[in-house]
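J.: next input, structure requested:
(one chain, ligands or ions: 1)
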Amino acid sequence: MCGIFGCFVKNRAVAPLILAGLKRLEYRGYDSCGVATVYEGVLYIKKGVGEIDKVHAELHLDDLPGEIGIGHTRWATHGAPTKENAHPHVDCEGKIAVVHNGIIENFLELKRELEAKGHVFRSKTDTEVVPHLIEEFMKEGFSFKEAVIKAVKRLRGSFALAIIYTGFEGMVCVKMESPLVLGVGDDGIYVASDIPAFLPYTNIIIQLEDGDVVFIELENFTIYNIIKGREVKRRSRVIDWTPDMAEKGGYAHFMLKEIHEQPKCLKNTLRLEMRYLTKMADLLCSADEAFMIACGTSYHACLAGSYIMAKLAKKAVHPVVASEFIENYGKLVDHRFVLLAVSQSGETADTLKAAEYGLRRGATILGITNVLGSKLTRIARVYVCQQSGPEIGVAATKTYTAQLSVLTQLSILMAERRGKIGHRESEELWEWMHTMPNIVGSVIKATERDVIKIADKYVNVKKSAFIGSGINLATALEGRLKLLEIAYIPSIAMSGLKESTVSCLNGDSMAVFICPFSDPERERLLDEACMARDHGLNVIILTEEEADEAEEVADETIKLPIPPDMPKVLTPLPFIIPLQLFAYYMSVKRGLNPDKPRNLAKSVTVE
Ligand code: BG6
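T.: This next block holds a predicted model:
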């Protein structure tokens with residue numbers, strides 16, 4: 001996730017507006033930034049590494065001439081945060097500048113093709129193919145506008161683009177899956193990833209749709225949709241958001257926004273560079289000893305991942321809480337070991353310490369992280385960026401499901417490479433993964449209202465227990481951690497509920513059971529739910545829509561609209577959703593701020 005901003009204003013310098021707009025988009029990414037303007041047929045660019053204030057202090061980003069310009073604040077997805085990789089990116093002649101948010105899936109193929117035609121690339125980004133592709137079509141004789149359309153038709157993936165060219169008195173923007181909004185003001189036209197960028201100048205917006213290519217010229221713009229193959233009209237509307245609401249996309253908190261972003265983030269995890277994931281799968285498959293090391297939420301993802309690897313690939317990859325690793329396993333480590341470190345931030349001290357220790361003893365270090373350029377990416381021999389964009393809420397939500405998705409994909413690749421699943425099963429699993437963003441989207445939609453009601457009813461609960469068996473022990477642990485972290489309700493998580501535990505709980509307590517159809521322990525879990533209810537506990541059961549028998553033993557059932565034949569290894573993905581929502585609403589209803597739990601902060605990259 002990056003932030004892009006472009007504007008075309010009348011009789012005003014555009015660079016200071018772009019700088020201010022980028023500052024308001026900084027929550028979308030902050031590892032590097034840049035601005036480009038066109039003035040009297042010349043392209044001006046400034047870009048650098050670090051947060052906007054730092055780069056501005058060095059380069060004076062507001063000091064570029066012209067009334068047309070684009071800007072970018074980056075959260076790296078392809079290529080580490082370096083000056084070369086910072087946006088805007090240009091063509092060979094430095095006449096076309098592009099900023100981009102999203103992932104261009106076929107960039108390698110396009111890059112090779114363009115290099116063969118003599119184009120010289122300066123960055124490791126996927127974005128740079130765009131200006132070169134436009135340049136190439138112009139060389140073939142197409143006009144700038146035609147060349148943009150031709151180039152966009154060659155791109156696969158998700159992209160919001162803003163493009164300027166020295167020979168065009170205006171700006172072009174393109175939307176495909178990534179967000180892009182137009183702002184129509186009295187004295188200018190704006191385009192941005194999110195509304196806050198231009199909210200001080202106009203509250204008249206046009207939400208663009210996939211395939212839209214907008215040609216913005218003075219006092220006028222036209223929209224051509226490449227999917228429909230014709231010009232289209234889009235309706236404008238007036239919004240009455242405050243800047244704070246706009247930053248959170250209209251949600252009350254970042255945590256809720258991030259819960260709702262999960263379908264999109266899961267889609268992004270299906271666009272990872274497979275060559276790295278495959279390399280990782282090979283290294284894990286050939287390791288004599290394989291471990292996963294992580295903390296907190298990332299550890300829960302590893303716990304689930306370990307079950308999936310054992311089930312699908314028949315390979316033991318042991319999950320260990322990073323702080324426990326050196327003391328208990330450290331002396332065993334040598335070159336035969338592969339350690340997969342999983343860390344959203346890539347900076348958690350215990351995880352790095354364990355990984356560095358392993359590295360010193362000759363182990364191969366692999367990494368899964370959300371932050372390119374983090375320390376973990378510098379230690380790991382192979383790493384994969386989970387592409388979730390910055391997570392501002394302290395409680396991890398979208399980064400957890402993204403980690404689960406990456407680990408599941410890794411497990412399927414390992415199973416294929418070890419010959420443990422047939423072609424048909426592998427195809428089915430990939431199909432499930434590709435429908436997962438929609439499944440998760442419908443789970444959010446279908447369960448949120450029920451969760452709000454349940455949170456209302458149980459807002460004063462004193463203790464809670466989360467029960468999930470097998471792979472969903474990870475779901476129980478993660479559901480428990482969320483409630484503990486942001487609603488401060490003492491909670492435990494287990495794979496089974498015994499009478500001894502029930503006797504420590506009482507009428508002010510609740511027991512949450514995770515009961516997918518595919519769970520071989522489902523009957524046992526329902527029996528335990530019955531027992532808990534007999535002892536006066538409030539029982540909540542999470543299950544599929546068709547499960548009537550669960551209603552008989554539960555005070556509340558949360559029914560997930562997922563196909564009952566979903567393989568058990570995939571159930572942690574949808575089943576965590578209602579638990580994230582539950583923790584969020586319990587926190588809000590208890591008058592707390594879920595975005596800023598006390599005594600907790602996220603690790604960040606320190607330069
Ligand atoms: C802990 C946090 O310090 O770090 C957890 O309290 C978090 O909430 C954990 O999950 C791991 O963070 P990361 O960035 O390594 O995934």
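J.: can we go C-alpha only for contacts and neighbour counts from here?
T.: Fine.
J.: all strands for the stretch 1-150 of the chain, in order.
T.: 3-9, 32-39, 42-49, 68-74, 89-90, 96-104 (DSSP state E, counting those that start in this stretch).
J.: could you export stretch 472-486 as PDB, CA atoms only?
T.: What follows is stretch 472-486, C-alpha atoms only, in PDB (Å, rounded to 0.1, in the frame of the first residue of the first chain):
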ATOM      1  CA  ASN A 472      -7.800 -23.900  15.400                       C
ATOM      2  CA  LEU A 473      -5.900 -23.900  18.600                       C
ATOM      3  CA  ALA A 474      -4.100 -21.100  16.800                       C
ATOM      4  CA  THR A 475      -7.400 -19.400  16.200                       C
ATOM      5  CA  ALA A 476      -8.300 -19.700  19.800                       C
ATOM      6  CA  LEU A 477      -5.000 -18.300  20.900                       C
ATOM      7  CA  GLU A 478      -5.200 -15.400  18.500                       C
ATOM      8  CA  GLY A 479      -8.900 -14.600  19.500                       C
ATOM      9  CA  ARG A 480      -7.800 -14.700  23.100                       C
ATOM     10  CA  LEU A 481      -4.800 -12.400  22.500                       C
ATOM     11  CA  LYS A 482      -7.000  -9.800  20.700                       C
ATOM     12  CA  LEU A 483      -9.500  -9.700  23.500                       C
ATOM     13  CA  LEU A 484      -6.800  -9.500  26.100                       C
ATOM     14  CA  GLU A 485      -4.800  -6.800  24.300                       C
ATOM     15  CA  ILE A 486      -7.500  -4.300  23.500                       C
END
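J.: nearest to the ligand, of the strands of the stretch 1-150 of the chain?
T.: Closest to the ligand of these, according to C-alpha to the nearest ligand atom: strand 68-74, at 18.9 Å.
J.: partner strands of that closest one and their direction?
T.: Note on strand 68-74: by DSSP bridges, its sheet partners are strand 3-9 (antiparallel), strand 32-39 (antiparallel).
J.: picking up where we left off before, right, so the strands of the stretch 1-150 of the chain: which one is the most enclosed?
T.: Mean neighbours per residue, mean count of other C-alpha atoms under 10 Å, is largest over the strands of the stretch 1-150 of the chain for strand 68-74, with a mean of 33.
J.: mind listing residues that contact it?
T.: Contact with strand 68-74 is made by 1-9, 14-15, 18-19, 22, 25-26, 28-39, 52, 86-88, 98-100, 162-164, 170-171, as judged by C-alpha atoms under 8 Å, 6 or more residues apart in numbering.
J.: likewise stretch 573-590?
T.: So stretch 573-590 is contacted by 255-256, 259, 397, 401, 404-405, 439-440, 443-444, 447-448, 451-452, 455-456, 459-460, 475, 478-479, 482-483, 486-488, 514, 542, 558, 560, 562, 593-594 (C-alpha under 8 Å, 6+ apart).
J.: and the residues you listed, which of them are buried?
T.: The neighbour-count criterion (16 or more other C-alpha atoms under 10 Å) marks 255-256, 259, 397, 401, 404-405, 439-440, 443-444, 447-448, 451-452, 455, 459, 475, 478-479, 482-483, 486-488, 514, 542, 558, 560, 562, 593-594 among the contacts of stretch 573-590 as buried.
J.: out of the strands paired with strand 68-74, flag the one nearest Asp186.
T.: With C-alpha to C-alpha as the measure, strand 3-9 is the member of the strands paired with strand 68-74 nearest Asp186 (9.2 Å).
J.: tilt between the closest one and strand 96-104?
T.: 150 degrees (axes from the mean of the first three to the mean of the last three C-alpha atoms, to 10 degrees).
J.: where does the stretch 251-400 of the chain come near the ligand, residue by residue?
T.: With C-alpha under 6 Å from any ligand atom as the criterion, the stretch 251-400 of the chain comes near the ligand at residues Cys295, Gly296, Thr297, Ser298, Ser343, Gln344, Ser345, Gly346, Thr348, Ala395.
J.: just the buried residues of these.
T.: Cys295, Thr297, Ser298, Ser343, Gln344, Ser345, Gly346, Thr348, Ala395.
J.: A helix includes the third one, no?
T.: Yes. Assigned with DSSP: H, G, I helix; E, B strand; the rest coil, Ser298 falls within a helix.
J.: quick one on the thing from earlier: between the buried ones among the residues of the stretch 251-400 of the chain next to the ligand, which is closest to Arg234?
T.: Ala395 (37.1 Å).
J.: name the SS class of the closest one, please.
T.: Ala395 - assigned by three-state DSSP - is coil.
J.: again, but for Ile467
T.: strand.
J.: you'd agree it is up against Leu473?
T.: Yes. Assessed by C-alpha atoms under 8 Å, Ile467 is found in contact with Leu473 at 6.9 Å.
J.: out of these two, which sits in the more crowded spot?
T.: Remark: of Ile467 and Leu473, Ile467 carries more neighbours, 28 against 22, as counted by other C-alpha atoms under 10 Å.
J.: contacts only, for the more buried one.
T.: Leu473, Ala476, Ala493, Met494, Ser495, Gly496, Leu497, Ala511, Val512, Phe513, Ile514.
J.: tell me, what's the model's pLDDT at it?
T.: Note on Ile467: pLDDT of 98.
J.: over to Asn599?
T.: Reported pLDDT for Asn599: 65.
J.: try the one 5 residues further on
T.: Looking at Val604, its pLDDT reads 58.
J.: report the buried residues of the lowest-mean-pLDDT helix or strand in the chain.
T.: Scoring the helices and strands of the chain by mean pLDDT, DSSP states H and E places helix 243-247 at the bottom, with a mean of 77. For helix 243-247, the neighbour count (16+ other C-alpha under 10 Å) marks Pro243, Met245, Ala246, Glu247 as buried.
J.: beyond it, next helix or strand please.
T.: helix 254-260 (DSSP states H and E).
J.: export that next one to CSV, keeping only CA atoms.
T.: Output in CSV follows, covering the C-alpha atoms of helix 254-260 (Å, rounded to 0.1, in the frame of the first residue of the first chain):
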residue,chain,number,x,y,z
PHE,A,254,-7.9,2.1,12.1
MET,A,255,-8.4,-1.4,13.6
LEU,A,256,-11.9,-1.6,12.1
LYS,A,257,-10.7,-0.3,8.8
GLU,A,258,-7.9,-2.9,8.7
ILE,A,259,-10.3,-5.7,9.6
HIS,A,260,-12.4,-4.6,6.6
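J.: which strands and helices sit next to that helix?
T.: In terms of contacts (3 or more C-alpha pairs under 8 Å, 6 or more residues apart in numbering; DSSP states H and E), helix 254-260 is packed against helix 572-589.
J.: how many residues are close by Lys117?
T.: 10.
J.: for Leu133, see how far away it is.
T.: Distance, Lys117 to Leu133, by C-alpha to C-alpha, to the nearest Å: 11 Å.
J.: ok, Asn593 next?
T.: 47 Å.
J.: and which of the residues of the stretch 251-400 of the chain next to the ligand is nearest Phe121?
T.: Gly346 (28.3 Å).
J.: is it true that the closest one lies in a strand?
T.: No. Gly346 is assigned coil when assessed by three-state DSSP, not a strand.
J.: thanks again, I'm all set now.
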